[in-house]
Structures are given as structure tokens and as C-alpha cells.
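Novice: let me see the structure of the following:
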Amino acid sequence: MSKLVFDGMNHILTYFNNEHVQIGNGWYANNVVDSSIKNLRFLPNREYTFLDSHYPHRHGGDVDTMDGPYGRFGIFRLNSFTYNGILHSGVGIHAGRRSKGGADHATHGCIRTTDDVMEALVYYILNDPLDTLTVQNNHDQHNRHPHHKGDSHDHTHHHL
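Specialist: Have a look, this model is predicted:
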């Protein structure tokens, strides 16, 4: 079983195959949570297990497009988890919103990356299903004064 590690400070998603070998140098990803989400400002540091371990969940239609909310490949959902006494489900890793900042566009708690990264993950897990996601060094990445809503690409942003 393969695993992913998301480093929220460095905005890097790293893939390790079932032999614990790192593939590549890490891929760009971000966890900017929309300000309307009050009970999950960022994905907390811990280990999560995947609900979608063999292939991503697809929605169809306009949802699974480069400019849609999930990107061309859908979402790798995590198993539901409890944080501060609240159950969270449907949180995962996906792309989307290319025309609105791509990986830097806000989500409802998910880690957003690029369609290229999602395509690579789909390929790598064909014979090596995803097992866990480890989140480390993560923090509230919402910028009060973004270039556009959800953009935290400016590395001088404030930590709320």
C-alpha cells in the first residue's frame, strides 16, 4: 500500500510507493479553506486513511473538469474523521478551479493540487492502492488580503 505526505508549510504532497520509496521530489498542493467553513480551518496534522484507495471518486458532468470544483480526475476521499467533536466526511485530495487559481483556490477542507498530480496518482496507484495520508506542519493558510479569494501564493500571508 502506498502513502501520501502533505507538508502544509512547504505546500508539498509527496508520494511513497508500497516499498516506501519516494517518487519524484514532491508535488505542489495547498490546503486553503474557504472562510465560510467555520468548523475546519485547515486539515489537522495527523494520519488519515483513504476511502478511495484504488481510484478517485468521480462526479461526472461539469464537476469533473479542469475548471470544475474537483478537476478532471475527481477526488481521493479520506475516511470520515472527527475533529473538535464534529464528524467530517467528503474531505480529500483533488484538483480543479484552474481558472480561479488552481491549487491555491479555497476548498471546504480538502487539499487541492493540480490535474497533472492527480493524473500521476491515478497512474501510480493502479497496482499500489493508497493507504494513508499524513498531514504535517499544516496551519490556517487563508490570506485575509488575497489576490483573489483563497489565494495564499503570497508567502507573506498571516497565520490566523
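
Novice: ok, residue 132 to residue 17 distance?
Specialist: Plainly put, residue 132 is 13 Å away from residue 17 if you go by CB to CB, to the nearest Å. From N, CA and C alone the C-beta is placed, and that goes for glycine too.

Novice: my bad, residue 138
Specialist: Distance, residue 138 to residue 17, by CB to CB: 23 Å.

Novice: check residue 86 too.
Specialist: Applying CB to CB to residue 86 and residue 17 gives a distance of 34 Å.

Novice: ok, the two, which is more surrounded?
Specialist: Each of residue 86 and residue 17 has its neighbours counted (other CB atoms under 10 Å); residue 17 has more, 15 against 9.

Novice: can you name the residues bridging to the residue lying closest to the more buried one once chain neighbours are set aside?
Specialist: On the basis of CB to CB, 6 or more residues apart in numbering, the spatially nearest residue to residue 17 that is not a chain neighbour turns out to be residue 2, at 5.1 Å. Each beta-bridge partner of residue 2 is listed here: residue 130, as defined by DSSP bridges.

Novice: check contacts around residue 2.
Specialist: For residue 2, the contacting residues are 15-18, 124-125, 128-131, taking CB atoms under 8 Å, 6 or more residues apart in numbering as the criterion.

Novice: what about the most centrally placed residue in the chain, distance to residue 69?
Specialist: In the chain, the centroid-proximal residue (CA atoms, centre = their mean) is residue 111; its distance is 1.7 Å. Taking CB to CB as the measure, residue 111 and residue 69 are separated by 14 Å.

Novice: quick check: neighbours shared by these two?
Specialist: Taking CB under 8 Å, 6+ apart as the contact definition, residue 111 and residue 69 share the neighbouring residues residue 94.
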